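# Could you work out the structure for the sequence below:
(chains A and B)
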Amino acid sequence: KQEVTQIPAALSVPEGENLVLNCSFTDSAIYNLQWFRQDPGKGLTSLLLIQSSQREQTSGRLNASLDKSSGRSTLYIAASQPGDSATYLCAVYGGAGSYQLTFGKGTKLSVIP
Amino acid sequence: DAGVIQSPRHEVTEMGQEVTLRCKPISGHNSLFWYRQTMMRGLELLIYFNNNVPIDDSGMPEDRFSAKMPNASFSTLKIQPSEPRDSAVYFCASRGQGAVEQYFGPGTRLTVT
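Numbering: from 1, shown residues only, chains lettered A, B, ... in the order given. Presented below is the predicted three-dimensional model:
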């Protein structure tokens, strides 16, 4: 059974700092990996989707990497801002065409002005 | 596109009452998913429909939970009778034909007292 772990569970950084969020998964036979953002009391906002043939994806100040062989992904946030404060969730998709989406429990990020 | 629509956004009910959560998937999507999010267990898949047919309900916790999809534009998740431990945020997601990415609704926050 796939397990997804995100460490740390919470992170507090000063504004302007670059940071890295970590995600690890136990079964490397994944198809895709997706990073989401969740604001308090809100739904999930998709940030980046990395397909199995890709190593990384970038969107603005965000860069996500995927290393299937080691079972790891990182989300890099450059020049953090208070508006980046949220919980960041990592989720992995099962085999090709699979609906199995397994989530980590998230990292709660606080960016201090 | 309005995205995935869920109602109600918040529901407070007393133990033993019946609760019905509703979801309208994105038009044209043929897969629908119900998830539950709790602090202890994170996000977990409850049930998956494809072309209105339940494919995997192994995540449904008990017989008190039931889900239906009478047509391509509507699904319900019913809890009868509700218990305090059912308190959670319930998300609905949909996916297009042949696609991988799931799109999430804003969720319904259920509180059972």
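
# Next, please give the residue ranges for the strands of chain B.
B:5-7, B:10-13, B:19-24, B:31-38, B:42-50, B:53-56, B:65-71, B:74-79, B:88-95, B:103-104, B:108-112 (DSSP state E).

# Count the residues that sit near residue B:78.
15 (other Cβ atoms under 10 Å in any protein chain shown). Using the backbone N, CA and C atoms, a C-beta is placed for each residue, glycine as well.

# where's it relative to residue B:23, distance?
Distance, residue B:78 to residue B:23, using Cβ to Cβ, to the nearest Å: 12 Å.

# picking that back up, TSV for the strands of chain B, including mean pLDDT?
Compiled in TSV, these are given as follows (pLDDT from 0 to 100):
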stretch	mean pLDDT
strand B:5-7	96
strand B:10-13	97
strand B:19-24	98
strand B:31-38	96
strand B:42-50	94
strand B:53-56	92
strand B:65-71	97
strand B:74-79	98
strand B:88-95	96
strand B:103-104	92
strand B:108-112	97
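
# between these, which gets nearest to residue A:109?
For residue A:109, the closest of the strands of chain B is strand B:42-50, at 16.5 Å, according to Cβ to Cβ.

# How about the residue most central in space within chain B: which residues does it bridge to?
With distances taken as Cα atoms, centre = their mean, residue B:34 lies nearest the centre of chain B, 3.3 Å away. For residue B:34, the beta-bridge partners are residue B:47, residue B:92 (DSSP bridges).

# I'd assumed residue B:91 was in contact with it.
Yes. At 7.4 Å, residue B:34 counts as touching residue B:91 under the criterion of Cβ atoms under 8 Å.

# Next to chain B in this structure, residues from chain A, please.
Where chain A comes near chain B, counting by Cβ under 8 Å from any Cβ of the partner chain, the residues are A:31-32, A:34, A:36, A:41-44, A:46, A:49, A:51, A:89, A:91, A:93, A:97, A:99-101, A:103-106.

# Show me which of these are buried.
A:31-32, A:34, A:36, A:43-44, A:49, A:89, A:91, A:93, A:99, A:101, A:103-106 (16 or more other Cβ atoms under 10 Å in any protein chain shown).

# ok, the residue nearest to residue A:80 when sequence neighbours are not counted - contacts?
In space, and not counting its chain neighbours, residue A:80 is closest to residue A:111: 4.7 Å by Cβ to Cβ, 6 or more residues apart in numbering or on different chains. Contacts here follow Cβ atoms under 8 Å, 6 or more residues apart in numbering or on different chains; on that basis residue A:111 touches A:12-15, A:17, A:80-85.

# Residue A:41 now?
Counting by Cβ under 8 Å, 6+ apart, residue A:41 makes contact with residue B:109.

# which element is it on?
Per DSSP states H and E: residue A:41 is located in neither a helix nor a strand.

# Now the contacts of residue A:111 in TSV, please, with extra columns for neighbour count and distance to residue B:16.
As requested, the contacts of residue A:111 are exported to TSV (neighbours: other Cβ atoms under 10 Å in any protein chain shown; distance: Cβ to Cβ, whole Å):
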residue	neighbour count	distance to residue B:16
A:12	11	42
A:13	16	46
A:14	9	49
A:15	14	48
A:17	12	50
A:80	21	47
A:81	12	46
A:82	10	44
A:83	9	42
A:84	18	42
A:85	18	39
